[in-house]
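In: sequence and computational prediction follow.
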Amino acid sequence: MKEDLLSQSAEPSFISLSSPKFREVFESPLSTKREKMRTPMQRRTAPRVVKTVPPMRSVYGRSQEFRPMEITLTGTKSLSSPHYNPMIRKTYFQQNFEIIRKIGEGSFGDVFCVRSLEDHRNYAVKVSIEVFRNTTDRAKKLREVENHMRLPKHTNIVEFVKSWEEKGRLYIQTELCERSLLSYCMQNHKISDKTIWKIFVDLLLAVDFLHSNDLIHDDIKPDNIFLTKNFVCKLGDFGLVINLQKDELKNAEEGDSKYLAPEVLNGRPSKASDIFSLGVTMLEAATDMDLPSCGDSWHQIRNGQIPERFFEGIDKDIRYLIEWMLRGEPSARPTTKDLSGEQGGAAARRRQERHSPFSLRLEFYENLKSRRDAIYGSPDFARLDHTPIHTPDSAKDSSRPTSRMSYDYSDDEHYSVNEHQDDHSQRRLFEEPKSLLPGYLIADDGISSYLESNEEHSPPRRIHDAQGDVRIDFDENDALLKMRLRQEKLRRIEFREREAESDDNDNIVAYKAMSCPPVRKVRPLIRMPPPVLDFTMLDSKNDAPDSTTNNNITRRSSRSRRMVCDAGSSADEA
Ligand SMILES: Nc1ncnc2c1ncn2[C@@H]1O[C@H](COP(=O)(O)OP(=O)(O)OP(=O)(O)O)[C@@H](O)[C@H]1O
Ligand SMILES: [Mg+2]
């Protein structure tokens, strides 16, 4: 292990021009958001398209124009509140809420963080930019409200509070969230595996909830996903939702092209296209990829040609799930039930509550268990020197392997490669049974999760033998596997950190100071000889009454002084 670490640290930090990594980085049009930020060209946000609207009076009668009407599932009803006075020329929104700040804007409207004067709680209120153009436009906008209103409460769905229309504008009041997932991803370019799993589980539960209610979201993207203060992920913005029970498919609109499933270009959205959008969302969050909205790179993602470098350091299972969701053929993609495994989202949630980062590996569980059984039950394993079933007596058994090898202490609590290298080089332990190695390699493929989530596997104990040497007592063979897995994990973390460091060093730009150059440049440290006073001039003062005084001589420039001297000398000569 120590040799491995040393050999890794000796790796060159530059990328060879002929290496595949160079080709991946420089020939692929795909890049991460971080890389994009480092390039001088900054992306400007596209200006918002504001369509001109017909005058309100041509669309509405006077009565509709001024009265705020609450939208309910059975129609509209007049809205009242102790804080609302219809005689005041302010809207219901302005009278009933204290507007704290604007928190976002989208194609539909502006979103404000407000405090309700009724219950003194904070909410988000989305106000449409445009007034309703006609009844079809109004019906289309109310569809978002209707769908949201129909949804029963769910932890991972932004909660609907109330909606009303006033003066041709639609207002939607919802629970207030902290920020959108997009803003979180823009700030955090490397999100930990644990957080990615948390986001994924929350979103999966939300999408599963919608799909089981026969709704297609049709616009799943980080901008429409919200995070609460407690880091609960919630799906919001039901503007494009399609109710399959109401045969709304024919009126479906395309969502954001960056997250769009390929089949939707020429067809209609489906539950599978939602899964695709969820896959792209997870791809963006996990790899920090700057997603293309069109062009070759758009197709590259949809053809499964994502460069390998984007998945470096990403949890293998996350990668597997993302690639599964991004399959080109809709029928090849998993359903939400497939993703959450046989035991469903509830079980995933229970596991997640126990703070396990491996919550969604339920579907792998049985598979991994059988693979593990296969390893332990294999003839190779049976031929091992030591007994797989371990008892306190057998721990003392002299039939343990006696050959020794140096042991890596990298998972020691206070281990540091530089500080302890020499001390630990003296320590030796039992040799690792070689035939376990294939088992270990397979374990790295996924058994790690199984082992880590299994509490009964205790860590190896350290024993001091008669000679004073430290040895490891393997309570069970799993302990050895677990130990190797931990070492592997540490090695990967160190490798990633080194890479990130060298990345950062590559990108350090030396700036020239633009203001205040160093003093040395302005006033070079050259000792000027002290001015030599020509006292002969004083003598010549009497002879030449029009010449300057001594004071004047010191103040003049050296050129004029020379002239004075010359004049003096010439006077002397005369
Ligand atoms: N409940 C909320 N809590 C906090 N912020 C919110 C909330 N709802 C919306 N926002 C903010 O407002 C932005 C726009 O919201 P939303 O997506 O609902 O509007 P939209 O007009 O439908 O946008 P688009 O159609 O472009 O997706 C979000 O990206 C988010 O930053
Ligand atoms: Mg939105």
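Out: That came through, no problem. Residues are numbered from 1 along each chain as shown. Ligands and ions are numbered 1, 2, ... in the order given.
In: get me the contact residues on the stretch 151-300 of the chain for ligand 1.
Out: Taking Cβ under 6 Å from any ligand atom as the criterion, the neighbours of ligand 1 within the stretch 151-300 of the chain are Val158, Thr174, Leu176, Cys177, Ser180, Asp223, Asn224, Phe226, Gly236, Asp237, Gly239. Every residue, glycine included, has its C-beta placed from N, CA and C.
In: which of these sit farthest apart?
Out: Taking Cβ to Cβ as the measure, those span a maximum distance of 18.5 Å, between Leu176 and Gly239.
In: what's around Ile129, how many residues?
Out: When counting by other Cβ atoms under 10 Å, one arrives at 16 neighbours for Ile129.
In: do Lys316 as well
Out: Lys316: 14 surrounding residues under other Cβ under 10 Å.
In: and for the one 4 residues further on?
Out: Residues within reach of Tyr320, counting by other Cβ under 10 Å, total 12.
In: okay, Phe209: pLDDT?
Out: Per-residue confidence for Phe209 comes out at a pLDDT of 94.
In: show me the contacts for the nearest residue to it once chain neighbours are set aside.
Out: What sits nearest to Phe209 in space, not counting adjacent residues and going by Cβ to Cβ, 6 or more residues apart in numbering, is His154, at 5.0 Å. When the contact criterion is Cβ atoms under 8 Å, 6 or more residues apart in numbering, the partners of His154 are Leu205, Ala206, Phe209.
In: the first one and Lys198 touch, don't they?
Out: This points to Leu205. No - counting by Cβ atoms under 8 Å, Leu205 does not reach Lys198; the two are 11.2 Å apart.
In: quick one, which of those two is more surrounded?
Out: When Leu205 and Lys198 are compared on other Cβ under 10 Å, the one with more neighbours turns out to be Leu205, at 23 against 19.
In: check which helix or strand covers that one.
Out: Following DSSP states H and E, the helix or strand that holds Leu205 is helix 193-212.
In: by contact count, what packs against that helix?
Out: Counting by 3 or more Cβ pairs under 8 Å, 6 or more residues apart in numbering; DSSP states H and E, the packing neighbours recorded for helix 193-212 are strand 233-235, helix 271-287, helix 316-325, helix 336-340, helix 344-353.
In: mind picking out the helix or strand in the protein with the poorest mean pLDDT?
Out: For the chain, scoring each helix and strand by mean pLDDT, DSSP states H and E identifies helix 437-442 as the least confident one, at a mean of 30.
In: which ones are touching the residue of the chain found nearest ligand 2?
Out: Taking Cβ to the ion as the measure, the chain has Asp237 as its residue closest to ligand 2, at 3.8 Å. For Asp237, the residues meeting the contact criterion (Cβ under 8 Å, 6+ apart) are Gly106, Glu144, Val158, Asp219, Asp223, Asn224.
In: also Lys190?
Out: Asp288, Ala500.
In: how near is it to ligand 1?
Out: Summarising the geometry, the distance separating Lys190 from ligand 1, computed by Cβ to the nearest ligand atom, to the nearest Å, is 22 Å.
In: mind checking the SS state of that residue?
Out: Using DSSP: H, G, I helix; E, B strand; the rest coil, the structure places Lys190 in coil.
In: spell out which residues of the stretch 151-300 of the chain are next to ligand 2.
Out: In this structure, the stretch 151-300 of the chain approaches ligand 2 at residues Asn224, Asp237, judged by Cβ under 5 Å from the ion.
In: double-check Lys162 against Glu70; I have them as touching.
Out: Yes - taking Cβ under 8 Å as the contact criterion, Lys162 and Glu70 are neighbours in contact, 6.7 Å apart.
In: what about Arg309, which SS state?
Out: Secondary structure of Arg309, reduced to three states by three-state DSSP: helix.
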